[in-house]
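A.B. asks: Pasted the sequence and its predicted model underneath.
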Amino acid sequence: MEGLLNYYAADSFLHRLNPTIKLAGLMALVVAVTMAFDPWTPLAFLTLGLFMLRVLARVPVRQFIRPLLLFLVLGALGFISANAFFYTPLPGRPVTILWQAGGVRIILEGIRVGISLTLRMLAIVIFSMVFVATTDPTDFVLSLIQQARFPFRLGYGILVAYRFMPMWRTELEIIRAAHRIRGAGERPTLRGRWEQLQRYAVPLLASAIRKSERVAIAMDSKAFGALPRRTYYRDVHVRPMDWAFLAGCVLAAAAIVWGMAQLGLLEGYGVVPEA
Amino acid sequence: MAWIDVRHLTVRYPRAPRPALQDVSFQVERGETLLLLGPSGSGKSTLGLCLAGLIPDSVPAAMQGEVLIAGQDIAALTVGQRTAQVGIVFQDPEAQFCMLTVEDEVAFGLENMALPRDEMELRIRESLGLVGLEERRRERVDRLSGGQKQRLALACALARRPSILFLDEPTANLDPAARFEFFQWLARLRGQQPDTTIIIVEHILDDLIAMVDRVMLLNHEGRLVLSGAPAQVFQANGEVLDEMGIWLPQVTALARKLRAAGLPLDRLPLTVDEAEEVFAGLVPAGPLPAEPPRRPAGSTAGGPPALEARRLSFRYRAGGPEVLRDLSLAVPQGAFMALVGPNGAGKTTLALHFVDILRPPAGHVFLLGEDITALTTADITARVGFVFQNPEHQFVERTVEAELAYSLRVRRRPEAEIAQITDALLASFGLTPYRKMNPFALSQGQKRRLSVATMLAVGQRILILDEPTFGQDRNTAHALMERLQTLHVAGVTILAITHDMQLVADYAGTAAVLVDGQVRFQGTPHALFADEELVAAAELRPPPLVELARRFGLRYGDGTAPLSIREWMGLLQGAPAAGGPAKRG
């Protein structure tokens, strides 16, 4: 799972974009792909996403191939198998039964829906990865504050939380080890998990509260929020290129949807396939 | 006019049984360096929060009295004006930054002052230069070492150009070499900015005391009891200092002991340089014995080693760096071994292999001669106790009593036996009065005692401790070490991972040095500190008394130097007084 949601430091067209506007553009693509119910349109979006990640963002394949395969397997196991067995057709529609034994049957239309769902999920994952891989977290928060009028106190709170995340993981590992040495084993049962959660939560929370208090005092000692206005060392700019990217995303989404409709492959967007 | 003028300051936190500071009055001149001493809970940090104007705005507490800085009552200033006067460096390197990169972190404090960008650029470059971090300005903060983080914290404070620096135990979490380095940067800074007033809270004073102008001592009630030049404070008030558990510079502590033993010393030395003058006439001219005195040994039972690693290699993830490299180390039964070395050398990683938290392949790790992979978790935890650096991490129960009984209950021992063992442990670790308390509510020293006691409950004969004296005052640390010594004499094998050179010098029978995942040295502390190259490679600092011995050319027959106060007492007391005959029988 490591590397799933990491910033990939590099200099590329996408890295240089304004984070807020980049987010808006990618969101447009995400919304567009969620409304397509056939397998072909998501596949087109998926291809676009891969092109952005590999070519426009210059992220090496090894950086994203593992999470992608993971989601592919999850999708195949979850969405495709579930729909293959439990697909309910629209009233009056015939279904194609591929295999049947007793009350269990596998339905072709269900597999098709499952594939569409999987591809949509993968497309969304790819667009998220495009954003995360090409956006420095600090720049993102600063851009939210500077361009989206996000309250700066909240913005810095998010930054601190982000900074602390890897630390909690380390801390939890240590606590688990410490409890194991006490003879407190882990049990995979539901009740066991609940007990472990309680056991781990106390030291973890104690330390979290202490650390966050310390950071808050340290921030106050540097006059955080003492003046109504603050300046920024890093200015996150908006350039014409950013607007061009946003327009490009909207146009690309429209082009894919229109093209697929022309080819007669589109479902969704109010288009219902012929029986 | 004094730069800082504190008048009758009393501070009380909500729900606290007594005030944190009581009727404290003092003055500090511009450019003075003041060392603030006191036991834990004596209000040292609180004083810093008051000076910086963080009480009562950021930290809720009731405050009486006045704090004047540059003649101005800070209560009349805005938050921005107050915080501009005082820069604080806190103790915890992990919890005083909010940004991801070095330059952003420095900029943060400047952005809050609404400075223009050019000015920020200038100040970032200047302040990082003052602490030697200019090369790392684009580095991620979490990639810095502990020492670098504390220097960054100092840079962040300096960039705001405060007239006062308050350093609240800035080196408490650092290893000895990093601590020394931090103080060197501080001394340089003091030379470059003679107008900056520095107030510093510290426990380990050897490398710091030379730059201190004045010492102020707060007692456990938060009252100011002593103030004066360091030599004066350390001289006159021995009992007070002992009672409060104040660490003295090692040479000062030795001189105080000599005086108490009736040797006339004209003054108390604070540094090795001063000690060289003061002790000049006392040092024996004749040869020292062939070997250093032996430590009180445990019952060396013989038999297979208590803990052993054979050709052990380890990486945390495939393709990652090798943390342990073909490492072999044997800890004999009954040993008291200190495991030392730089941060990241693999000390804790190795120790976690001895309790099967990190799983070695078969044939590499042995407990009392048995391959650890052949033992069950219950077998392992019955033989080895492991005391983590932070005692809280180990607590699983809601009362002290239940905490001690926990491992026994897990093993389904009869209740009568559990009660008996628990009572015995409570008594011997001085925890009986707290048996019904929540472990998290104990004091730092009590938590540490409890965490050690829980690790002995099932009768473990091997104890591994990760930084046992970390962040404790002298009394608590000393009490703990004496207890470990007692266990050791009773035959318990002790392996202590530590950065505390005093622990190594005064208690450890042997020391093992880990550098880059390999054992670079295994032998007596004497032999360790005699090897200057090794000491440097392991990022250690020899005890000041070793340096002093070097200055006097004092060597045992085996080439090692006397390193503990006990040894020096023996050597100096037996020596003729200044000007006396040089030869002894």
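C.D. replies: Great, that's in hand. Residues are numbered from 1 along each chain as shown, chains lettered A, B, ... in the order given.

A.B. asks: Up against chain A, what does the stretch 201-350 of chain B have?
C.D. replies: Counting by Cβ under 8 Å from any Cβ of the partner chain, no residue of the stretch 201-350 of chain B lies close to chain A. Backbone N, C-alpha and C define where each C-beta goes, glycine included.

A.B. asks: any idea how far the residue of the stretch 201-350 of chain B found nearest chain A is from B:Gln518?
C.D. replies: Residue of the stretch 201-350 of chain B nearest chain A, by Cβ to the nearest Cβ: B:Arg317 (8.3 Å). Separation of B:Arg317 from B:Gln518 (Cβ to Cβ, to the nearest Å) stands at 20 Å.

A.B. asks: need the contact list for the residue nearest to B:Ile204 when sequence neighbours are not counted.
C.D. replies: Closest residue to B:Ile204 apart from its sequence neighbours, by Cβ to Cβ, 6 or more residues apart in numbering or on different chains: B:Trp247 at 6.0 Å. Taking Cβ atoms under 8 Å, 6 or more residues apart in numbering or on different chains as the criterion, B:Trp247 is in contact with B:203-205, B:473-474.

A.B. asks: Among the residues you listed, which one has the most neighbours?
C.D. replies: In terms of neighbours by other Cβ atoms under 10 Å in any protein chain shown, the contacts of B:Trp247 top out with B:Leu205 at 24 neighbours.

A.B. asks: B:Arg317 and B:Gln518: which has the busier surroundings?
C.D. replies: B:Gln518 (17 against 7).

A.B. asks: Okay, and the beta partners of the more buried one?
C.D. replies: The partner list for B:Gln518 in beta bridges (DSSP bridges) reads B:Val515.

A.B. asks: show me what contacts it?
C.D. replies: Residues near B:Gln518 by Cβ under 8 Å, 6+ apart: B:324-327.

A.B. asks: for the contacts of B:Trp247, which one is nearest B:Asp531?
C.D. replies: B:Ile204 (22.6 Å; Cβ to Cβ).

A.B. asks: quick one on the thing from earlier: report the separation between the residue nearest to B:Ile204 and B:Gly53.
C.D. replies: For B:Trp247 relative to B:Gly53 (Cβ to Cβ), the value is 30 Å.

A.B. asks: what do you get for B:Ala178?
C.D. replies: Taking Cβ to Cβ, one finds B:Ala178 at 30 Å from B:Gly53.

A.B. asks: Compare those two (neighbour count), which wins?
C.D. replies: Between B:Ala178 and B:Gly53, counted using other Cβ under 10 Å, the more crowded position is B:Gly53 (27 against 24).

A.B. asks: so what's the closest residue to that one other than its chain neighbours up against?
C.D. replies: Closest residue to B:Gly53 apart from its sequence neighbours, by Cβ to Cβ, 6+ apart: B:Arg82 at 3.0 Å. Shown in contact with B:Arg82 (Cβ under 8 Å, 6+ apart): B:52-53, B:74.

A.B. asks: would you turn the residues you listed into JSON lines with pLDDT and secondary structure?
C.D. replies: Converted to JSON lines, those look like this (pLDDT from 0 to 100; DSSP: H, G, I helix; E, B strand; the rest coil):
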{"residue": "B:Ala52", "pLDDT": "91", "secondary structure": "coil"}
{"residue": "B:Gly53", "pLDDT": "89", "secondary structure": "coil"}
{"residue": "B:Ile74", "pLDDT": "91", "secondary structure": "helix"}
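
A.B. asks: quick one, helices of the stretch 101-250 of chain B?
C.D. replies: B:102-111, B:117-130, B:146-159, B:176-192, B:230-236, B:238-244, B:250-260 (DSSP state H, counting those that start in this stretch).

A.B. asks: packing partners for the fifth one?
C.D. replies: Spelled out, that is helix B:230-236. Other elements packing on helix B:230-236 under the criterion 3 or more Cβ pairs under 8 Å, 6 or more residues apart in numbering or on different chains; DSSP states H and E are strand B:214-218.

A.B. asks: Can you list the strands that the strand it packs on pairs with?
C.D. replies: Partners of strand B:214-218 in its sheet, by DSSP bridges: strand B:33-37 (parallel), strand B:224-228 (antiparallel).

A.B. asks: Just the buried positions in the last one, please.
C.D. replies: Meaning strand B:224-228. B:224-226 (16 or more other Cβ atoms under 10 Å in any protein chain shown).

A.B. asks: which residues are contacting stretch A:240-258?
C.D. replies: Contacts of stretch A:240-258 (Cβ under 8 Å, 6+ apart): A:16-18, A:21-22, A:24-26, A:28-29, A:32-33, A:36, A:41, A:44-45, A:48, A:266, A:269.

A.B. asks: Selection in ChimeraX covering whichever of those are buried, please.
C.D. replies: To isolate the buried members of the contacts of stretch A:240-258 in ChimeraX, using 16+ other Cβ under 10 Å:
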select /A:17,18,21,22,24,25,26,28,29,32,33,36,41,44,45,48,266,269
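
A.B. asks: Which ones among the contacts of stretch A:240-258 lie within helices?
C.D. replies: Within the contacts of stretch A:240-258, residues falling in helices by DSSP state H are A:21-22, A:24-26, A:28-29, A:32-33, A:41, A:44-45, A:48.

A.B. asks: would you list every one of the strands in the stretch 151-275 of chain A?
C.D. replies: Counting by DSSP state E, counting those that start in this stretch, the stretch 151-275 of chain A has no strands at all.

A.B. asks: Quick check, central residue of chain A?
C.D. replies: Taking Cα atoms, centre = their mean, the centroid of chain A lies closest to A:Ser128, which sits 4.4 Å from it.

A.B. asks: B:Gln81 looks like it's in a helix, true?
C.D. replies: Yes - secondary structure of B:Gln81 (DSSP: H, G, I helix; E, B strand; the rest coil): part of a helix.

A.B. asks: follow-up on the earlier one: turn the ones in helices among the contacts of stretch A:240-258 into TSV, columns for distance to A:Phe164 and pLDDT.
C.D. replies: As requested, the ones in helices among the contacts of stretch A:240-258 are exported to TSV (distance: Cβ to Cβ, whole Å; pLDDT from 0 to 100):
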residue	distance to A:Phe164	pLDDT
A:Ile21	28	95
A:Lys22	25	96
A:Ala24	28	96
A:Gly25	30	96
A:Leu26	26	96
A:Ala28	32	96
A:Leu29	31	96
A:Ala32	35	94
A:Val33	33	94
A:Thr41	40	94
A:Ala44	40	95
A:Phe45	35	96
A:Leu48	35	96
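
A.B. asks: which residues sit in contact with residue 86?
C.D. replies: If you meant another chain, say so; for now it's chain A. Counting by Cβ under 8 Å, 6+ apart, A:Phe86 touches A:Gly110.

A.B. asks: not quite, I wanted chain B
C.D. replies: The contact partners of B:Val86, by Cβ under 8 Å, 6+ apart, come to A:221, B:48, B:51-53, B:69, B:162-166.
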